[in-house]
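Engineer: one predicted model, sequence on top.
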Amino acid sequence: MDSSATPSQDQPAGSPDAPAEVARYPQLFRYARPALIAGVAVAIVCLLLLVIIFLLDSFNSTVYSVGGKDIHDATDEARQIRDLYAGARVGGVVVLGVSALTAAGAAVVLVRQRKNSPKSDDDGGEDVGFDALAGR
């Protein structure tokens, strides 16, 4: 078999002997796991941020409404309270979307690589029993 042949010339892409498709992009696979971890972590932080913003916004609206005022009035004070967390809310939603897309893309790369990786149970190491590990 010629090592320069592509999978479509020699073997079908789904055969077990076919070279991995992800092997063409080793840098992509190398950064997939850290990108997945970072994407999920940032998404969780953004969700927590959005919950906190919602609670603060509700609290401010409630405190403003205690005096008999309506938060939906056309006054400058009501508008400032409504717009107080608008930037953080929009930023949180945008970063949440980007991190979710990053995590999803990294998960797809990892799943595709798992399907294409050769199955091998041989770890190349020596089998050591409990007694040897315990120092007996």
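Structural biologist: Good, I have the coordinates.
Engineer: helix or strand with the lowest mean pLDDT in the protein?
Structural biologist: When the helices and strands of the chain are compared on mean pLDDT, DSSP states H and E, helix 7-10 comes out lowest with a mean of 48.
Engineer: can you name the next helix or strand after it?
Structural biologist: Per DSSP states H and E, helix 7-10 leads on to helix 26-30 as the next helix or strand towards the C-terminus.
Engineer: and that following helix, what does it pack against?
Structural biologist: The contact analysis (3 or more C-beta pairs under 8 Å, 6 or more residues apart in numbering; DSSP states H and E) places helix 26-30 against helix 86-116. All C-beta atoms are positioned from the backbone trio N, CA, C, and that covers glycine.
Engineer: immediately after the helix it packs on, which helix or strand?
Structural biologist: Using DSSP H and E, the helix or strand that follows helix 86-116 in sequence is helix 130-134.
Engineer: dump that following helix to PDB, restricted to CA.
Structural biologist: The C-alpha coordinates for helix 130-134 follow below in PDB (Å, rounded to 0.1, in the frame of the first residue of the first chain):
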ATOM      1  CA  PHE A 130      -0.900  -5.300  44.300                       C
ATOM      2  CA  ASP A 131       2.000  -6.800  46.300                       C
ATOM      3  CA  ALA A 132       4.500  -5.100  44.100                       C
ATOM      4  CA  LEU A 133       2.700  -1.800  44.400                       C
ATOM      5  CA  ALA A 134       2.400  -2.100  48.200                       C
END
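Engineer: show me what counts as buried in that helix.
Structural biologist: Within helix 130-134, no residue counts as buried by 16 or more other C-beta atoms under 10 Å.
Engineer: quick one: it to chain centroid distance?
Structural biologist: Remark: helix 130-134 is offset 40 Å from the chain centroid, using C-alpha atoms, centre = their mean, to the nearest Å.
Engineer: pull the longest helix from this protein.
Structural biologist: Ranked by residue count and defined by DSSP state H, the top helix of the chain is helix 32-65.
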